[in-house]
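Novice: coordinates for the following, if possible.
(2 chains)
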There are 2 protein chains.
Amino acid sequence: MIFRQLYDHESSTYTYLLAERVGGEALLIDPVKSNVDQYIQLVNEMDMKLVMAVDTHIHADHVTGLGDLRKSTGCISAMGETSKAECVSLHFKEGEKLKVDNLYLDILYTPGHTDDSYSFVLADRVFTGDTLLIRGTGRTDFQNGDPADQYDSLFHKLLTLPDQTLVYPAHDYHGMTVSTIREEKQHNPRLQVPDKQAYVELMNSLQLDNPRMMDIAVPANRNCGLKSVA
Amino acid sequence: MIFRQLYDHESSTYTYLLAERVGGEALLIDPVKSNVDQYIQLVNEMDMKLVMAVDTHIHADHVTGLGDLRKSTGCISAMGETSKAECVSLHFKEGEKLKVDNLYLDILYTPGHTDDSYSFVLADRVFTGDTLLIRGTGRTDFQNGDPADQYDSLFHKLLTLPDQTLVYPAHDYHGMTVSTIREEKQHNPRLQVPDKQAYVELMNSLQLDNPRMMDIAVPANRNCGLKSVA
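Specialist: Numbering: from 1, shown residues only, chains lettered A, B, ... in the order given. Purely as a prediction, here's the structure:
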C-alpha cells in the first residue's frame, strides 16, 4: 500500500494520499486548495491516477482542493450525503465504501463536530476528520455541531474499533502525526467522562474564538473551493 | 512495532520514536530540547522505558534533547564516533547496531552534510538525517561538510537500499512526511547528476544563508543541549 500523510503548515491540516500500488489508482482525503499542485505532482511521480478526492466534512479552517482537483484531473469529488455541498460529483453515506483499486474504506457517519462529518476505516487505520483528534476532539459549536451526537460518534462508533487501530486525524497542532484507539481511550482528556451528559457539559463549557478563516472557508467549501459552481 | 514521527514546528525537525511494543523499550532519534516533556509523556503513556536517545549528527538548526533526556530518564545518549560531542554516554560507528528490545537498526556512516552524519536502517525504512531529504539533500558548506563525501554516502550507501525502502529524513519544509528510495532516485533533483564531479559543482554553487540558530545550536549541541557537561 502507498500511504502518504501530507501537512499543510498554514492550517495544520493533514491530507492523506492512499493507493494500493505505484502505477495504480489514488485517493486523496481532505486536500487543501493551496497544495493542489503538490498533490498532483506526487501522484504523477508515482505514475498513479487520482480517481477520487473526498472531504471528511465541510472545513471551517482552510479552503478545500476538491473543486480544483476535479477540474484538473477529472477525478470524482465526494462528500457525505448530509453535506450541503452541491458541487461534488458524488455524495456517500454510512455503510458504503470508498474504493481505490483493491483497497476498500468503510464509511462511518460520525456527526458532532459538524452534521456532515464522516470517518473512513481501512483495515488497520481510521481517518477521523475533526471528530477524534490526538488527545482532543473537534469543537461542536458551529455548523450544526452537537456534543451529544459527537459523544455517540466517539463512544458508539470510533472507540469500538480495535484498540490497535491507527488514528489519523484531519489536524494536529502539537506535532503529533498518529495515535491509536487504545491511546485515545486511555489518554485523551475529552474522553475521560462518565457519561454523555458530562461530555455535553464539557464541550459546552469551552470558550473558543471562531476559526480565523471561517467566514471565507465555509462558503468557499460549500462550493468545493471554486468561485462558481463546478 | 510502535513508530511515531513527531514534528517540531519551530525548526521543521522530525523526531522519531521507535519501539517493538507497548510496555517495552523505546528509542528516540533526533529529539528536540523544547519538546522533551512531550516525548517523555508519550513514552510514559505507552508504558515504555526510554533506553536510548540518538542524534543523526550535530544539528545546526535546533538544540538537541539528548542531554535533558539522559538527565531525566537515565537513558543512554549517543552520537557517532566522528562527532566532537564529549557529552554523550555512547559513541556508535558503522557496522554496529542500535537495539530496542528485538528491533535492530543497522548503522551507516553517511558523511557529507557534516563529518558526523549517520543513517539508521530498520528492515523496511531508513532514517537519513540531513544526508537524504525528500526531493533534496542536506547542505555541505559547514561543519566539515563535503559534497564529494555526500555523493558517496548517497550513491554508494543510501541509494543501494531496496527501492521500496521508506525514507524518513530529519527535516521537511514542504509538509512531506516520508518518501521511498525509488522516488528519490527518480525524482530528487539533486540526484539527477551524471557523476560525482557534477554533484560537487551543484552543491558548491548553492548560495545559502547560515541557519538562523547555527551560532547557538552548534555549540549547545556539542554539549548535548546542556549548559554544563553532563
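
Novice: do you know how far the residue nearest to A:Gly65 when sequence neighbours are not counted is from chain B?
Specialist: Counting by C-beta to C-beta, 6 or more residues apart in numbering or on different chains, A:Gly65 lies nearest to A:Pro31, which is 3.5 Å off, once chain neighbours are set aside. (C-beta placed from N, C-alpha, C; glycine too.) The gap separating A:Pro31 from chain B is 12 Å, by C-beta to the nearest C-beta, to the nearest Å.

Novice: test my guess that A:Pro31 contacts A:Gly67.
Specialist: No - contact status for A:Pro31 versus A:Gly67: not in contact, 10.0 Å apart, counting by C-beta atoms under 8 Å.

Novice: the two: which has the busier surroundings?
Specialist: Taking other C-beta atoms under 10 Å in any protein chain shown, A:Pro31 and A:Gly67 do not tie; A:Pro31 has more neighbours (29 against 26).

Novice: so who does A:Leu103 touch?
Specialist: The contact partners of A:Leu103, taken as C-beta atoms under 8 Å, 6 or more residues apart in numbering or on different chains, are A:1, A:18-20, A:27, A:122.

Novice: ok so A:Tyr168 is a helix residue?
Specialist: No - under DSSP: H, G, I helix; E, B strand; the rest coil, A:Tyr168 falls outside any helix and is assigned strand.

Novice: does it touch A:Tyr16 like I think?
Specialist: Yes - with contact defined as C-beta under 8 Å, A:Tyr168 counts as touching A:Tyr16 (6.3 Å).

Novice: common neighbours of the two, please.
Specialist: A:5, A:127.

Novice: of these two, which one has the most company?
Specialist: A:Tyr168 (24 against 21).

Novice: from A:Arg182, how far off is that one?
Specialist: Distance of A:Tyr168 to A:Arg182, given as C-beta to C-beta, to the nearest Å: 15 Å.

Novice: what residues of the helix or strand of chain A with the lowest mean pLDDT count as buried?
Specialist: Using mean pLDDT, DSSP states H and E, the weakest-scoring helix or strand in chain A turns out to be helix A:214-222, at a mean of 92. Of the residues in helix A:214-222, A:217-218, A:220-222 count as buried by neighbour count, 16 or more other C-beta atoms under 10 Å in any protein chain shown.

Novice: what sits against A:Glu81?
Specialist: So A:Glu81 contacts A:91-93 (C-beta under 8 Å, 6+ apart).

Novice: among those, which are in reach of chain B?
Specialist: Near chain B, taking C-beta under 8 Å from any C-beta of the partner chain as the test, no member of the contacts of A:Glu81 is found.

Novice: and chain A, which residues reach chain B?
Specialist: Counting by C-beta under 8 Å from any C-beta, chain A sits next to chain B at A:4-9, A:22, A:35, A:38, A:45-46, A:174-178, A:182-183, A:186-187.

Novice: give me the subset of these lying in helices.
Specialist: Taking DSSP state H as the definition of helices, the residues of chain A next to chain B contribute A:38, A:45, A:182-183, A:186-187.

Novice: can I get the buried part of these as one ChimeraX selection?
Specialist: Selection of the buried residues among those in ChimeraX, burial being defined by 16+ other C-beta under 10 Å:
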select /A:38,182,183,187
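
Novice: out of the ones in helices among the residues of chain A next to chain B, who's nearest A:Phe127?
Specialist: A:Glu183 (16.4 Å; C-beta to C-beta).

Novice: correct me, but the closest one touches B:Glu45?
Specialist: Yes - counting by C-beta under 8 Å, A:Glu183 does reach B:Glu45; the two are 6.4 Å apart.

Novice: and the gap between A:His91 and B:Asp163?
Specialist: Taking C-beta to C-beta, one finds A:His91 at 39 Å from B:Asp163.

Novice: same question, A:Gly80
Specialist: In terms of C-beta to C-beta, A:Gly80 sits 38 Å off from B:Asp163.

Novice: of these two, which one has the most company?
Specialist: Legend: neighbour count by other C-beta under 10 Å for A:Gly80 and B:Asp163, higher for A:Gly80 (26 against 13).
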